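Engineer: structure for this input, please:
(chains A, B and C)
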Amino acid sequence: MSIDNSVVKKIANLSKINLSEKESENLKHELNKILDWVDDLKKVDTKMVEPMLSVFNENMKMRDDKVELTNTDEILSNAPDKKENFFVVPKVIE
Amino acid sequence: MSNLSDLTISQAKELLLNRSISSVELTKFFFDKISNFKNLNCFITETFDQALKMSKISDEKYKLKKDIGLMEGIPIGMKDLFCTNQIKTTAGSKILKNFIPFYESTVSKNLWEEGAVLLGKTNLDEFAMGSANTTSFFGNVVNPWKSKNDIDKKLVPGGSSGGSASAVAADLCLAATGSDTGGSIRQPASFCGLVGMKPTYGRCSRFGMIAFASSLDQAGPITKDVLDSSIMLKSMCSYDKKDSTSSKMEIPDFPKIVKLGVKGIRVGIPDEYIVDGLNSNVNDNWQKGIEWLKSEGAEIIEINLPHTQSALPTYYILAPAEASANLARYDGIRFGLREIGKDLDEVYKNTRASGFGNEVKRRIMIGTYVLSAGYYDAYYLKALKVRKLISDDFSKAFEKCDCILTPTTPGVAFGIGEKQDDPLEMYLNDVLTVPASLAGLPAISVPSGLNDEGLPIGLQIVARPFDEETCFKAAFVIEQLSNFNKLKN
Amino acid sequence: MSYFIRGHESKWEVVLGLEVHAQINSLSKLFSPSSTGYGAEPNSQVNLIDAGMPGALPVINQECVKQAVITGLGLNAKINLKSIFDRKNYFYPDLPQGYQISQFENPIVGSGHLIIEAEEGTKKIGITRLHLEQDAGKSIHDQDFENSFIDLNRSGCALMEIVSEPDLRSPSEVSLYIKKLRSILRYLGSCDGNMEKGNLRVDVNVSVRRFDAELGTRCEIKNINSIKFIQQAIEYEARRQVKLIESGKIVEQQTRLFDSQKGETRAMRSKEESHDYRYFPDPDLPPLILEKKMIEDLKLQLPELPDKKKIRFIETYGIKKYDAEILVSEKEVAEYFEKLVSDRDPKMVVTWLTGELFSYLNKKNLDNPQSAISVEKFGELLDLINDGTLSNRLAKELFVEFIESNMSASELVKKKGMVQISDENEIINMIETVLDQNQKMLEEYRSGKEKLFGFFVGQIMKISNGKANPQMVNTLLTKRLKK
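Structural biologist: Numbers count the residues shown, from 1 in each chain, chains lettered A, B, ... in the order given. Here you go, the predicted model:
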C-alpha cells in the first residue's frame, strides 16, 4: 500500500476536490490497485532512453505580434458571479 | 430512396446532387429518428432549428450548383466535446452543464464550411474518460445492437464517443465526429459495427476541442463505411494556426485512394497483440482478416512490438497526468458550475467535488499523484521513456511493413453495468488501441464480422505517421471481403 | 565587507539573490493575440486563452521569443537552442488555466552576468537564467468586504523571469543591480522597466550567515514595487532572521510580503501550505527550437550597452567615470549628450546637463531630456555662455523660464537686455567709477587690506546689473590696482 489516508488527503487538497470519508477510502483502494498495476513499468529497462515529450515532430510555430480585439461581454458570459465587468470570488487573503 | 436509414454519406450526396432528395427532407427524416430513439440517449443537445437553417443553405447551394462542399447537406452528430458557438457544450460533465461557448472548434468549423448539417451534440463519457459511455453526467448511452442470446440486455456502445457511435449505428444521423485519446473513436466504432478513424496526431486541429490528454487527443470521424470515413476526415482536418501541434503536412485527397487495393502492401502481424482475454471469436476474425488482405495481394509479415504490454500502464500515467492539469481550469470562477463555500478554497473543493464524476476524480487524483514531488521520476518520467520505447517499436516494425493489422478490442460490446466495479477491468478495453495513440499513429477500426451472439467485431489497421491512405485502402478491402453490410441485415 | 548586520554575538553577512519579472514590450500577449495595453477597462483585453476557456490553446508570440533572446545576449548569457515550456500547477483565482505556462528545467536563456559599480569597486553579478512565462491576472481585494474582484487583462502577458545568483551582499548592491538591469532592458527595448505600473517586479531572496559560514535558510520577499521599499524590506528581513537565529530559533523557508506602511515583512497566508507545483512539459507546445543564424543576426543588431558606452564616453570625451556612469544609465540621456557634445566643451556640457537640466527633469518627473528641451535650443544657450554673451549666473537664473518659453537663447538674451558686458572700455569705466566713490577703501587696500578686492568686484557687478563679464572684471581690476 503506497498510498495511505494522508496521501489521499494531500492529493485531494492539491487537486482541490472535497472527498467524503467513504470516497477517500474507496479512492485509496482504487489508487493503490492502479498504482500496483502501473508499477509493472519498473521492470522495463529505460536507462539509455530519452523521455518522449511529444509525438509531434514539427518545430514550434510562431505568431506575429498582432493584436486581436476581444469582447468583455463574451468573456463574462458564462461567469457564475460578476460585477462591473469583474469576475467575483470569495475574498482572498494573501 | 427506399430507405433513408441505410444511406451513407456518399450515397446521400448522390441523391442530393441529382436532387432526388433535399437536405431539408433528409434532415427532417433524422429529426423523427432522433425523437423516436431517445431511449438510446445519444444526444445531450438537439439542434433542430440550427439544422433546418443549415440544410436550407445547403439546398440553395445544390440548386445553384455552386460552392457544394464535401459534406454539403449531410446531417451529422457532433461529439459534445467540440465547442460550438452559442450552442451548449458540456463534455458530458455536470461542471459544464450550462456552458455556452462563444467560439467554434476548428474541426466543427471545417465541417460547417464543407456543408455539414448539425443535428445535435452527442453524448460521451465525462471529459472523454471512459470506455463504455457510462461516466456521462447525462446518463449512459445504449448500443442499438442486441445479443442474439439475450435480446433484452442493454449493451454499452463503447466509449468515450459512445453517443456518436450509437447514433450512427441507429441511423439517427449519417455520421458523427469522435475524439480518440486511447481508443475513444475506434473502440465504440468496433462495438457498434462502424468505421472509426483516428488520424495521425496533428492532422485535426485540437482548437476548441475540450482537452482530456493533450499529447494524445485527436479528432476523427465515425461513419458507416470506409469511403464515408475518408470523405469526412478530409473535411475535418486542416493546418490550424490556432493549434501549436497542428501539422503542416499536406492533406491527401483521401476519398480518391480508398479503393486502390492492397496489392504489394506489406501487412505486419504482431504476436504481442494476442493478449490475455482476447476473445476467440475476435481472434478467429483477425485470422480471416489476414486471409482477406492476402487474397488481395498483400504480403503478410510477422513483426514484433515488444513493449506492447507496457502501453496501457504508460497510458494510465500520462493521460491522467495531463488531464489533472487540463481540468484545473474547471474551478467555478469564470464559467461552469460553482458551489458555495465559506472561503475560496471551499468553493474550489465543493465545486469540483460536485461537478466531476467518480472516474474523472479518480484520474485527476492519479495524475496529480504521479506528477507530485517524489513520484515524478518513478511514474511520469518513467512513462515518458517507455512511451519512447513503444514508439520506437513501431518505427522498427515499419521498416518491415507498411501497416499493422490487429483486432480493435479484445472483446465485443458488453452489458451496461458490467466491468463497473473494477476500474482496471474497464481500462483493459483499450489495450489494443492505446499503443497507436501513444505513438501518435493513424489507426482505423473497420467492422469485419459478427461473433456468436451476432455482435460486431472490428479490426484495426495502424500505419506510419501521416499515412492514413494505407489505413483506408486496407480497411476498404476488409469491408468488402467481410461482407459486413450484408451480415448486418 | 562593508555591509553587515550587527547581532549580539557577531557580525552577520547578508546574502541576497533576485528574481526580477520584466514584462516584455510587445503589443500582444505571450500565447494569445489580446492586447497588452496598460490601464484598460477590466476584462477588456481577454480572449479565451487568457481566460482559460475549455478548448483554448496557446500559440507563441514571435516577438516575445526575440526579445528574450536579445535580453539574454545583453546579459552576456548563453542562449539555449532548445527550450521547453512547462506547466506550473496551482489554484488561484487570477490564474485561469489552473497552471502557469513557464519554463522549468530548460529555459530559453542560461547563465550570464552583469556588472555593477559597488562601493568596493566593479563587481560581477551572476545571472542564473532567464525564462519566458505567462503573467497572472489581477485580484483586487480591498474593494469589498466579502469578495475579491478578478481582472484578467494582465493574464497571459509575457514575462521574462531573470534570476540572479546569490551574489549580492547589501541593500545598496541590490539597488545598483536593479538599476543596471533596468537600464540594460531599456537600452534593449525589451522592457520599459516601469516599476509603478508593475512592468518590473522584484522578488528578493534573503538569508544571513556568519562571515564565511555556509548559506543560511532563505526567505523570499515577493513583489516589492520600489527600490526604496526593497532596501527597507531587506534591512528588516535580515534583522528579523539574525534575531531568530541568535535567540536559538531557526529561520523557516517562507514566502513573505513587505508591508510598506509598517515597514515589516510577514508570511503570506496563501503560501502557507507547502506548494507542490507538479511541473511537467506542456503538451500543447512543442519544444522551442532556435536557429543559430537568428541569434547571430540579433547579436549584430544589439545596441551599444551602458558598460561599453561608458568606457567610450570616458575615452572619447575625457569625462569623469562618475559623470559617464550617470550619462549612460538612460539610453535617451546618453544619446542627448552625444548630440549636444558634438562640437562643444564636454566638461561644460556635462556640468549643465547633469546639473541644471537634470534637476529640472527630476522636478518635472521626466526621463527624456529631449522631451523638455531640444538639443538645438539647449546647445545655443551653451554657445552663448561659452562666447561670453551670457553669464553663467544669469543663464542659471533664467534657465527654467528659458526651457518653458518658446524663445531661442539669443531671443531671450535680447528680450531681457541681458547681453553680458564684455567691452573692455565699458568695464574700465565702471572700475573707475567704483574706485572714485570708494577712495577710503582704496587707501585701505593699498595699505595691505587685500580682502577688499572682493568688495570692489561686488560693487562693479552691482552697477552693471550683474551683466559685467566677471572674468574681465577680475583681470582689469587687478591690472588697475597694481598701478
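Engineer: contact partners for residue 10?
Structural biologist: All of this is about chain A. Contacts for A:Lys10 were tallied using Cβ atoms under 8 Å, 6 or more residues apart in numbering or on different chains; they are B:Ser372. Where C-beta positions appear, they are placed from N, C-alpha and C, glycine not excepted.
Engineer: please refer instead to chain B.
Structural biologist: Here B:Ser10 is in contact with B:Asp225, B:Leu227, B:Asp228, B:Ile231, B:Pro255 (Cβ under 8 Å, 6+ apart).
Engineer: which strands and helices sit next to the strand or helix carrying the third one?
Structural biologist: In other words, B:Asp228. B:Asp228 is located in helix B:226-236, with elements delineated by DSSP states H and E. Applying 3 or more Cβ pairs under 8 Å, 6 or more residues apart in numbering or on different chains; DSSP states H and E, one finds that helix B:226-236 contacts helix B:9-17, helix B:106-113, strand B:175-180, strand B:195-198, strand B:218-223, helix B:254-257, strand B:443-450, helix B:468-482.
Engineer: can you put these in a markdown table and add mean pLDDT?
Structural biologist: Written out in a markdown table, the entries for these read as follows (pLDDT from 0 to 100):
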| stretch | mean pLDDT |
| --- | --- |
| helix B:9-17 | 97 |
| helix B:106-113 | 98 |
| strand B:175-180 | 98 |
| strand B:195-198 | 98 |
| strand B:218-223 | 98 |
| helix B:254-257 | 98 |
| strand B:443-450 | 98 |
| helix B:468-482 | 98 |
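Engineer: single out the most deeply packed of these.
Structural biologist: Most buried of the helices and strands packed on helix B:226-236, by mean neighbour count (mean count of other Cβ atoms under 10 Å in any protein chain shown): strand B:195-198, with a mean of 34.
Engineer: and chain A, is that strand touching that?
Structural biologist: No - Strand B:195-198 stays out of contact with chain A when judged by Cβ under 8 Å from any Cβ of the partner chain, the minimum separation being 12.6 Å.
Engineer: next, the residue of the stretch 51-200 of chain B found nearest chain C: phi, psi?
Structural biologist: For the stretch 51-200 of chain B, the residue closest to chain C is B:Cys83, as judged by Cβ to the nearest Cβ, at 4.6 Å. Backbone dihedrals for B:Cys83, given as degrees, to the nearest 10, come out at phi -70, psi 130.
Engineer: what about B:Ser235, how many residues close to it?
Structural biologist: For B:Ser235, the number of neighbouring residues by other Cβ atoms under 10 Å in any protein chain shown comes to 26.
Engineer: that one contacts B:Asn110, doesn't it?
Structural biologist: Yes - using Cβ atoms under 8 Å, B:Ser235 makes contact with B:Asn110 at a distance of 6.0 Å.
Engineer: shared neighbours, the two?
Structural biologist: Jointly contacting B:Ser235 and B:Asn110 under the rule Cβ under 8 Å, 6+ apart is no residue at all.
Engineer: about what we covered before: can you put the helices and strands packed on helix B:226-236 in TSV and add distance to C:Leu176?
Structural biologist: Written out in TSV, the entries for the helices and strands packed on helix B:226-236 read as follows (distance: least, Cβ to Cβ, whole Å):
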stretch	distance to C:Leu176
helix B:9-17	71
helix B:106-113	51
strand B:175-180	55
strand B:195-198	58
strand B:218-223	54
helix B:254-257	64
strand B:443-450	61
helix B:468-482	61
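Engineer: for B:Lys349, which of those is the nearest?
Structural biologist: Shortest separation from B:Lys349 across the helices and strands packed on helix B:226-236 is recorded for strand B:175-180, at 28.7 Å, computed as Cβ to Cβ.
Engineer: which neighbouring elements make contact with that closest one?
Structural biologist: Under the contact definition 3+ Cβ pairs under 8 Å, 6+ apart, strand B:175-180 sits against strand B:75-79, helix B:106-113, helix B:162-169, helix B:186-191, strand B:195-198, strand B:218-223, helix B:226-236.
Engineer: quick one: strands adjacent to that strand?
Structural biologist: Using DSSP bridges, the strands paired with strand B:175-180 in its sheet are strand B:75-79 (parallel), strand B:218-223 (antiparallel).
Engineer: for chain A, what spans make up the strands?
Structural biologist: Per DSSP state E, chain A has strands spanning A:62-63, A:82-83, A:86-90. These are given in chain order.
Engineer: ok, and what's touching the first one?
Structural biologist: By Cβ under 8 Å, 6+ apart, the surrounding residues in contact with strand A:62-63 are B:Lys241, C:Ser28, C:Pro33, C:Val59, C:Ile60, C:Asn61, C:Gln62, C:Val65.
Engineer: pLDDT of that strand, averaged?
Structural biologist: Summarised as a single mean, pLDDT over strand A:62-63 is 96.
Engineer: can you list the strands that it pairs with?
Structural biologist: The partner list of strand A:62-63 in its sheet, established with DSSP bridges, is strand C:60-61 (parallel).
Engineer: got a list of contacts for the strand it pairs with?
Structural biologist: With Cβ under 8 Å, 6+ apart as the contact definition, strand C:60-61 has outside contacts at A:60-65, B:244, C:26, C:28-31, C:158, C:285, C:288.
Engineer: now with 10 Å?
Structural biologist: If you take Cβ atoms under 10 Å, 6 or more residues apart in numbering or on different chains as the criterion, strand C:60-61 is touched by A:60-66, B:244, C:24, C:26-33, C:36, C:67, C:85, C:101, C:132, C:156, C:158, C:285-286, C:288.
Engineer: show the buried residues in those residues.
Structural biologist: Those of the contacts of strand C:60-61 that meet the buried threshold are A:60-63, A:65, B:244, C:24, C:26, C:28-33, C:36, C:67, C:85, C:101, C:132, C:156, C:158, C:285-286, C:288, by 16 or more other Cβ atoms under 10 Å in any protein chain shown.
Engineer: which ones among the residues you listed map onto helices?
Structural biologist: Cross-referencing those against helices under DSSP state H gives C:Gln67.
Engineer: can you get me a residue count around B:Lys263?
Structural biologist: By other Cβ under 10 Å, the residues close to B:Lys263 number 11.
Engineer: close enough to count as contact, it and B:Glu296?
Structural biologist: Yes - the pair B:Lys263 and B:Glu296 qualifies as a contact (Cβ atoms under 10 Å) at a distance of 6.7 Å.
Engineer: tell me which residue is most central in chain A.
Structural biologist: Centroid-nearest residue in chain A: A:Ser15, 6.7 Å away (criterion: Cα atoms, centre = their mean).
Engineer: in contact with it, which residues are there?
Structural biologist: By Cβ under 10 Å, 6+ apart, the neighbours of A:Ser15 are B:324, B:327-328, B:348-349, B:352-353, B:356, B:361, B:364-365, B:367-369, C:89, C:91.
Engineer: recalculate using a threshold of 8 Å.
Structural biologist: By Cβ under 8 Å, 6+ apart, the contact list for A:Ser15 reads B:Ser324, B:Arg352, B:Lys361, B:Ile364, B:Met365, B:Thr368.
Engineer: that older thread, let me have the strands paired with strand B:175-180 in CSV, adding distance to B:Ile185 as columns.
Structural biologist: As requested, those are arranged in CSV below (distance: least, Cβ to Cβ, whole Å):
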stretch, distance to B:Ile185
strand B:75-79, 9
strand B:218-223, 5
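Engineer: chain A contacts on the stretch 201-350 of chain B?
Structural biologist: Applying Cβ under 8 Å from any Cβ, one finds that the stretch 201-350 of chain B approaches chain A through B:201-202, B:215, B:241, B:244-248, B:307, B:309-310, B:313-314, B:316-317, B:324, B:328, B:331-338, B:341-350.
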